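> predicted model follows, preceded by the sequence.
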Amino acid sequence: MINQENAPKNGKPLQVNVLRYDPESGGAPYWQTYTVPRRRASRVLDVLEYIQDELDPGLGYRRHICHNLVCHSCYVNVNGHARMTCQALIKPDVAEIRIEPYGDFVPIRDLIVDYAQPR
Amino acid sequence: MLQNAGVKKTDVLVVGTGGAGCRAAIEAAEYGADVTLVSKGVLGRSGTTNMAEVVYAAAIGHGDRQDKPRYLFEDTVVEGHWIGDQRLVKLLADESAKTVYDLERYGLPWYRMEDGRHYYQLPTPGHRYDRGVHYNESTGSKMQDALVAEVKRHDDIHPLNDILVVGLMVDDGRIVGASAIDLKNGQLVLFETGAVIVATGGAGMMYQVTDMEHGSTGDGIAMAYRAGAQLIAPEMHQFFPTAFVHPETLRGIIVTSSNLWGFGLRLYNARGERFMERYFPDKKENVPRDVLSRSIFQEILEGRGTEHGGVWLDASNIDGWEYLRRERARSYVWPTKLGVNTERFEIAPTYHFTMGGIRIDTDCQTNVEGLYAAGEVVGGIHGANRIGGNALPECMVFGAIAGRHAALHARRNVALPQSTVKDEHRRLTDLLETPERLELRPKDALNTLKDIMYRHVGIVRSAQGLEEGLEKLHRLEAEDLPRVGVGPGKVFNWEWIWKCELLGMVEQAKLYTQAALMRTETRGAHFRSDFPQTDNVKWLRNIVVQKVAGEVCYQTEPVELSYLNPATYQAGRE
């Protein structure tokens, strides 16, 4: 079992690659890399929250969510697989993860998709 | 300038897509209205209804043949410490049974007894008979799914996702519309309608620790108040004793239910003392949930809390642990799935339910013509304490009433006055397109607010603490809010959203604090350390607050005791 106590507190930081998309600039999606300390990287949700709160307030992902595996608002693709960010645990030995918007719906901005518009 | 996407006409506008909002939309559509159902999140995925766990209280008499709606009525009034509006409680008690069957028709497969015919009803604290119909440990999300399925069967309900409603428009004392921001493109959307149903839920996000969905910012309460609606019992807020405070993203999530304290869970403060021994040498942790909440809170307040603002819960080596893991899967297995230690972890009381809110009559209409409310956003039903299982039926019962009356009231000949539209457009442009004033981010001001509310207007209140809280709130409003800026971008700009929510929350916070200061007694969830007794002589009254000509106006009104009187009431079972 992974938990906040046996997760390495001072382990190597996690490299997080996020597929960004800004509809207002009209440009194509691009990758951006963030470095997240291990103690804030037990779930993918922790990682996104850390990035938006501490590194880049402009990163778009849904924040009005339940955090508790119930609401199903927080789907993203993690390393190519559809996952809820609140459920996706990050193993302590993983050095790098890749986060893209959930592929089944049309993206609105960054990791936010329009659940009313299936692709 | 904020781009104006134009005016949408609708018979009935429903704001919020949780239990109450969906139910209201269905009822209004069945009465022939053209309904627009908006959510600031996603239909079916947003709102706190999803998060309700087990019981749905209804006096259908399957758990016990003796049960009747009038006993549910009595339990709700008495456990609400007598300040609930009895006319509304009566509606809740009388109509909740029917909603069980409505939900089954919509597609909720309630658990049944072995005979396959009767519903399986669980005992719930505060209810004298077994009343909790349920589906596994996910009654709330099953209810939400069933309602969404029913919403989708109606061609006349038009659900819109990602629309943040920011204002209600009133002309000559009547609702004429609402203004909103379409988060998908950052444009202003105006609704022209004679009937608005506010079903936006509670205000848990004003508090540091809450188990509500993270969009529960009490938007509807703030909007209705600004539009002139009365609020009732704004001082009444319910807490639940044990929720995670760490890791950050699990903050507020309930970790055990309160009837498990007898199993031998132990609490320790940051110094390693088992502090409940100090408060209750005999019972230790095995005390009622409000007492436990207050003890934990006191420990944190006096500086003996952990690094993350909680106390340690030690659940190692307790009897029946395997049983709990098996029988209470959601509380015990999920944390394991979520990657947290469930043997020893940091907990604190979590904000659970907003009992105060918009005042309605028995038609769910507010004092503003055409403005209706249903669900947790409403105040005055649960009084000073809500008993378990009453929140979900409240959404169903009052959702239906609001939907029916709004549909009957809907007028096609409303017109949004051009001047109102212009003013609203200017207000929002000023609010959101602030030129690079980024001294303070909305999130920072929000954290200040959450700290003030949890510390001063939380579980233990006193005149000194409340006055300090009020002073801090005034300082937050005067000094911090004008410096709050927002980052660039129009599409799903979270800082826009937070800023809109923040203004509403600060406004509510002042009302909640002032009302808590006014109520100089202890009643239910409202605990005053300087007035620890319940005062039925002076305080069988409700606090009502309203904005009159731009000024906030508080008054108290005697409780409506049309059916049951505390002086003559005797509890009993048949």
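Nice, I can see it. Residues are numbered from 1 along each chain as shown, chains lettered A, B, ... in the order given.

> and the residue of chain A found nearest chain B, how many residues sit next to it?
Taking CB to the nearest CB, chain B has its nearest neighbour within chain A at residue A:64, 3.2 Å off. The way it works is simple: take the backbone N, C-alpha and C, and place the C-beta from them, glycine included. Residue A:64: 25 surrounding residues under other CB atoms under 10 Å in any protein chain shown.

> dihedrals phi and psi, residue 36?
All of this refers to chain A. phi -120, psi 130 (degrees, to the nearest 10).

> the intended chain is chain B.
When quoted as degrees, to the nearest 10, the phi and psi of residue B:36 stand at phi -110, psi 120.

> roughly how far apart are it and chain A?
Distance, residue B:36 to chain A, using CB to the nearest CB, to the nearest Å: 14 Å.

> wait, doesn't that residue sit right on residue B:10?
Yes: here residue B:36 lies in contact with residue B:10, judged by CB atoms under 8 Å, at a distance of 4.1 Å.

> can you pull out the low-pLDDT segments for chain A?
A:1-10 (pLDDT under 70).

> would you map the helices across chain B?
B:19-30, B:69-79, B:86-106, B:139-152, B:219-226, B:276-279, B:289-299, B:321-327, B:329-337, B:391-409, B:418-432, B:442-456, B:463-475, B:494-518 (DSSP state H).

> what's the angle between the longest one and helix B:418-432?
Spelled out, that is helix B:494-518. Interaxial angle, helix B:494-518 versus helix B:418-432 (axes from the mean of the first three to the mean of the last three CA atoms, to 10 degrees): 100 degrees.

> off-centre distance for helix B:494-518?
14 Å (CA atoms, centre = their mean, to the nearest Å).

> between residue B:36 and residue B:10, what contacts are shared?
B:158, B:191, B:193 (CB atoms under 8 Å, 6 or more residues apart in numbering or on different chains).

> out of those residues, flag the one nearest to chain A.
Looking across the shared contacts of residue B:36 and residue B:10 and measuring by CB to the nearest CB, the closest to chain A is residue B:158, at 11.1 Å.

> burial of that closest one, as a residue count?
Neighbour tally, residue B:158, other CB under 10 Å: 15.

> pretty sure it sits against residue B:37.
Yes: here residue B:158 reaches residue B:37: they are 6.7 Å apart, a contact under CB under 8 Å.

> buried set for stretch B:546-557?
Neighbour-count burial for stretch B:546-557, with 16 or more other CB atoms under 10 Å in any protein chain shown as criterion, is recorded at B:546-547.

> start and end of it, how far apart?
This stretch, stretch B:546-557, spans 13 Å end to end (CA to CA, to the nearest Å).

> over to stretch B:32-40?
25 Å.

> so who does the closest residue to residue B:120 other than its chain neighbours touch?
Using CB to CB, 6 or more residues apart in numbering or on different chains and skipping the chain neighbours, the partner closest in space to residue B:120 is residue B:111 (4.4 Å). Listed by CB under 8 Å, 6+ apart, the contact set of residue B:111 reads B:119-120, B:133-136.

> the helices in chain A, which residues?
So, for chain A - with DSSP H - the helices run A:44-50.

> could I get the full set of strands for it?
A:14-20, A:30-36, A:75-78, A:81-84, A:96-101, A:105-109, A:112-118 (DSSP state E).

> what's the offset of the third one from the middle of its chain?
When you say that, I think you mean strand A:75-78. Using CA atoms, centre = their mean, the offset of strand A:75-78 from its chain centre is 7 Å.

> cool, the fifth one as well?
Here the centre of strand A:96-101 is set off from its chain's centre by 7 Å, with CA atoms, centre = their mean.

> got the angle between that strand and strand A:14-20?
Using the same axes, to 10 degrees: strand A:96-101 against strand A:14-20 is 20 degrees.

> Provide the strand pairings for strand A:96-101, with the direction of each partner.
If you go by DSSP bridges, strand A:96-101 pairs up with strand A:14-20 (parallel), strand A:75-78 (antiparallel).

> dump these into JSON lines; add distance to residue B:302 and mean neighbour count as well.
Converted to JSON lines, the strands paired with strand A:96-101 look like this (distance: least, CB to CB, whole Å; neighbours: other CB atoms under 10 Å in any protein chain shown):
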{"stretch": "strand A:14-20", "distance to residue B:302": "37", "mean neighbour count": "19"}
{"stretch": "strand A:75-78", "distance to residue B:302": "42", "mean neighbour count": "21"}
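
> just the buried residues of stretch B:118-134, please?
B:119-122, B:124, B:126-134.

> what mean pLDDT does it get?
Stretch B:118-134 shows a mean pLDDT of 90.

> circling back: so which of the contacts of residue B:111 are in strands?
Those of the contacts of residue B:111 lying in strands (DSSP E): residue B:133.

> nearest to chain A, of the contacts of residue B:111?
residue B:136 (12.4 Å).

> just the pLDDT at residue B:508, thanks.
96.

> ditto for the one 4 residues further on
The confidence metric pLDDT takes the value 97 at residue B:512.

> for residue B:534, which non-adjacent residue is closest in space?
The nearest residue in space to residue B:534 (CB to CB, 6+ apart) is residue B:523, at 5.3 Å.

> how far away is the one you found from residue B:101?
Taking CB to CB, to the nearest Å as the criterion, residue B:523 is separated from residue B:101 by 35 Å.

> who's more crowded, those two?
residue B:523 (24 against 13).

> what's the neighbour count on the residue lying closest to residue B:103 once chain neighbours are set aside?
Among residues not flanking residue B:103 along the chain, residue B:146 sits closest, at 5.6 Å (CB to CB, 6+ apart). Residue B:146 has 21 neighbours, counted by other CB under 10 Å.

> burial count for the nearest residue to residue B:450 once chain neighbours are set aside?
In this structure, residue B:450 finds its nearest non-sequential neighbour in residue B:208, 4.3 Å apart by CB to CB, 6+ apart. Other residues near residue B:208 come to 21 when the count uses other CB under 10 Å.

> and stretch B:180-192, anywhere near chain A?
Yes: judged by CB under 8 Å from any CB of the partner chain, stretch B:180-192 comes into contact with chain A at residue B:184.

> contacts only, for the closest residue to chain A within chain B.
Distances between chain B and chain A by CB to the nearest CB are smallest at residue B:215, namely 3.2 Å. With contacts defined as CB under 8 Å, 6+ apart, the neighbours of residue B:215 are A:64, B:40-41, B:46-47, B:205.

> ditto for residue B:500
Contacts of residue B:500 by CB under 8 Å, 6+ apart are B:164, B:166, B:181, B:219, B:431-432.

> check residue B:308 too.
B:245-246, B:346 are the contacts of residue B:308 under CB under 8 Å, 6+ apart.

> so which of those residues is the most crowded?
Ranking the contacts of residue B:308 using other CB under 10 Å puts residue B:245 first, with 25 neighbours.

> contacting residues for that residue?
B:209, B:251-252, B:306, B:308-310, B:346-348.

> name the nearest residue to it, sequence neighbours excluded.
residue B:310 (3.8 Å).

> can you give me the strands in the stretch 201-350 of chain B?
B:231-232, B:237-244, B:266-268, B:311-314, B:344-354 (DSSP state E, counting those that start in this stretch).

> just put those strands in TSV and tack on mean pLDDT.
Compiled in TSV, the strands of the stretch 201-350 of chain B are given as follows (pLDDT from 0 to 100):
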stretch	mean pLDDT
strand B:231-232	98
strand B:237-244	88
strand B:266-268	90
strand B:311-314	89
strand B:344-354	90
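
> please name the bridge partners of residue 36.
Using chain A here. residue A:14.

> actually it's chain B I care about, not the one you picked
residue B:13, residue B:158.
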